[in-house]
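>>> sequence plus the predicted model coming up.
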Amino acid sequence: MKAENCAYCGDLTDMPFHCNYCKDPFCSEHRLPEEHRCVKLTQIRAKKFGERKVIRDQGIGKQSGFKKFFRRFKS
Ligand SMILES: [Zn+2]
Ligand SMILES: [Zn+2]
């Protein structure tokens, strides 16, 4: 295996780890998607929690914020 530079911090690594998601080489510190702000991280998270649930939660958050906004106007 040839040495490669970590795609996140640029350190030369003798045994680079390749991210399963973005396929870039990383040092041992940044091999996890969370550690190198993987471009696929949002997709990984969406898969983990279920896309529908995430969208629904966002909708609820917006609605309650809207209600608070109007309540402030009344009082
Ligand atoms: Zn690194
Ligand atoms: Zn990655």
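Yes, it's here. Ligands and ions are numbered 1, 2, ... in the order given.
>>> find the nearest non-adjacent residue to Thr13, please.
Leaving out its chain neighbours, the residue that sits closest to Thr13 by Cβ to Cβ, 6 or more residues apart in numbering is Cys27, at 4.4 Å. Every residue, glycine included, has its C-beta placed from N, CA and C.
>>> and the one you found, how far is that from Lys47?
25 Å (Cβ to Cβ, to the nearest Å).
>>> tell me which of those two has more neighbours.
Counted by other Cβ atoms under 10 Å, Cys27 and Lys47 do not tie: Cys27 has more neighbours, with 22 against 10.
>>> these two touch, right, that one and Ala7?
No - the pair Cys27 / Ala7 is not scored as a contact, 9.3 Å apart, by Cβ atoms under 8 Å.
>>> this protein: helices as residue ranges?
With DSSP state H, the ranges of helices along the chain come out as 41-49, 51-74.
>>> comparing those, which yields the minimum mean pLDDT?
Sorting the helices of the chain by mean pLDDT places helix 51-74 lowest, at a mean of 60.
>>> for Phe26, grab the count of nearby residues.
Per other Cβ under 10 Å, the neighbour tally for Phe26 reads 25.
>>> distance of it from ligand 1?
Between Phe26 and ligand 1 the computed distance is 5 Å (Cβ to the ion, to the nearest Å).
>>> ok, now which ones touch that residue?
Residues near Phe26 by Cβ atoms under 8 Å, 6 or more residues apart in numbering: Cys6, Ala7, Tyr8, Thr13, Pro16, Phe17, His18, Cys19, Glu35, His36.
>>> out of those, who's nearest ligand 1?
Set against ligand 1, the nearest of those by Cβ to the ion is Cys6 (3.2 Å).
>>> which pLDDT value belongs to the nearest residue to that closest one once chain neighbours are set aside?
Closest residue to Cys6 apart from its sequence neighbours, by Cβ to Cβ, 6+ apart: Cys27 at 4.0 Å. On the pLDDT scale, Cys27 is placed at 97.
>>> quick one: Cys27 and Gly50, what's the gap?
From Cys27 to Gly50 the distance is 32 Å (Cβ to Cβ).
>>> walk me through the domains of this structure.
In terms of domains, the chain is parsed into 1-38, 40-75 (source: automatic domain parsing).
>>> lovely, talk soon.
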